[in-house]
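[1] can't give you the sequence, but here's the structure:
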């Protein structure tokens, strides 16, 4: 869950936004100094919406991405291709424990192989025994034979002994084969080596798992315990996601329930379909989609397989954590009664404000009264005075960038 009162990646992002606002304000100040002109209506000054300066409209500009909670560790098992699977004992989505039976082989096939191998072993033993008898008979005959026949018997005995050694080797090989078959019979049931959830079962040679990828593993199990979130981004928005980016994970049931994490990988090599994009309106038509992974700082309350959505953490939650309207302190003149330079019907006025709490870390002050997000205010300068003509900075930016002023505002 979200932690309070500690330095977070969101606060770091908020400081970045703060710095950006300073740069924007400085730029508008420069534009003011450069473009101030004396006309019939007096001098001009640029003003900017409070909503833009405080980041109150930032959440509407942040893309959200579909995701699913998964385990960072998986275990796969494939059957022996020489044997037939008799029965699968689990189903997709089922929780299994370490040592639980997953599937069994056809034991009848093993029994047939064992019977044949045992018959073959008996034949080899009989042939070896026959060679023993032959060698013994030749040895007796050699003792009775004349000296000129001794060499002939010696050669025959050597030949029979060589054949006997070959039979002994064949018997050893056959016994090993029988032991392997017997072991297959004893282990005809295959058990899980981890505790987790069955992610996919592939009995046809290939299968599409829920995340849209293809996996040829016979049974794939996701380990329970530590969780991560697998998101999907398309080729139009992949530039917004990068390793190290802080992310906010939202519950689809209650958006106020959030978790925090960091992007650890963007898998640009694994193009896939996006089963979640249509839920969030960012499927990019027929564009290619890529997975990315978010490592969570805490996963309490999340469940494996749970569908969520993700958004980059740009400090929007830090802004929401402050009650009311908070403005950068340098916009407020506190030399006497606090006020800001604000637009009033096209003219610059001193607008009194009532201040509340302060956030020294972010350099912000709470505005209790006197200002709303729709107000337009100016960057404070010594040259400002009431009655100056005001120009909306959003219009100025639009003129230089050909963008829609309403979108900028």
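    Thanks, I have it. These numbers were taken from a predicted model, which means no experiment stands behind them. Numbers count the residues shown, from 1 in each chain.
[2] residue ranges for the helices of this structure, please.
    Along the chain, the stretches classed as helices by DSSP state H are 9-35, 50-54, 107-144, 147-186, 277-280, 316-321, 393-401, 405-408.
[3] Worst mean pLDDT among those?
    Mean pLDDT is lowest for helix 277-280 among those, at a mean of 44.
[4] Find the residue closest to the most centrally placed residue in the chain in space, skipping its chain neighbours.
    For the chain, the residue nearest the mean C-alpha position is residue 293 (1.9 Å; C-alpha atoms, centre = their mean). The shortest distance from residue 293 to any non-neighbouring residue, by C-beta to C-beta, 6 or more residues apart in numbering, is to residue 265 (4.7 Å). (C-beta placed from N, C-alpha, C; glycine too.)
[5] just checking, the one you found touches residue 294?
    No. If you go by C-beta atoms under 8 Å, residue 265 and residue 294 don't touch, sitting 9.2 Å apart.
[6] Same drill for those two, tell me which one is more crowded.
    Higher neighbour count among residue 265 and residue 294: residue 294, with 26 against 13, using other C-beta atoms under 10 Å.
[7] Tell me how far the residue nearest to residue 293 lies from residue 245.
    Here the criterion is C-beta to C-beta, to the nearest Å. By it, residue 265 lies 11 Å from residue 245.
[8] how about residue 142, what does it touch?
    149-150, 153-154, 157 (C-beta atoms under 8 Å, 6 or more residues apart in numbering).
[9] Kindly recompute the last result at 7 Å.
    By C-beta atoms under 7 Å, 6 or more residues apart in numbering, the contact set of residue 142 is 150, 153.
[10] Could you do residue 240 as well?
    By C-beta under 7 Å, 6+ apart, the contact set of residue 240 is 63, 312.
[11] Go again with 8 Å.
    Neighbouring residues of residue 240 by C-beta under 8 Å, 6+ apart: 63, 233, 312.
[12] and the first one, how many neighbours?
    Around residue 63 there are 16 other residues, counting by other C-beta under 10 Å.
[13] same deal with the second one?
    By other C-beta under 10 Å, the residues close to residue 233 number 29.
[14] excluding its backbone neighbours, what's nearest it?
    residue 241 (5.1 Å).
[15] Also the first one?
    Computed as C-beta to C-beta, 6+ apart, the closest residue to residue 63 that is not its neighbour in sequence is residue 237, at 5.5 Å.
[16] The one you found reaches residue 66, doesn't it?
    No. At 11.9 Å, residue 237 does not count as touching residue 66 under the criterion of C-beta under 8 Å.
[17] Looking at the two, which one has more neighbours?
    When neighbours are counted by other C-beta under 10 Å, residue 66 comes out ahead of the other of residue 237 and residue 66, with 23 against 14.
[18] Looking at strand pairing, list the partners for the more buried one.
    Under DSSP bridges, the beta-bridge partners of residue 66 are residue 309.
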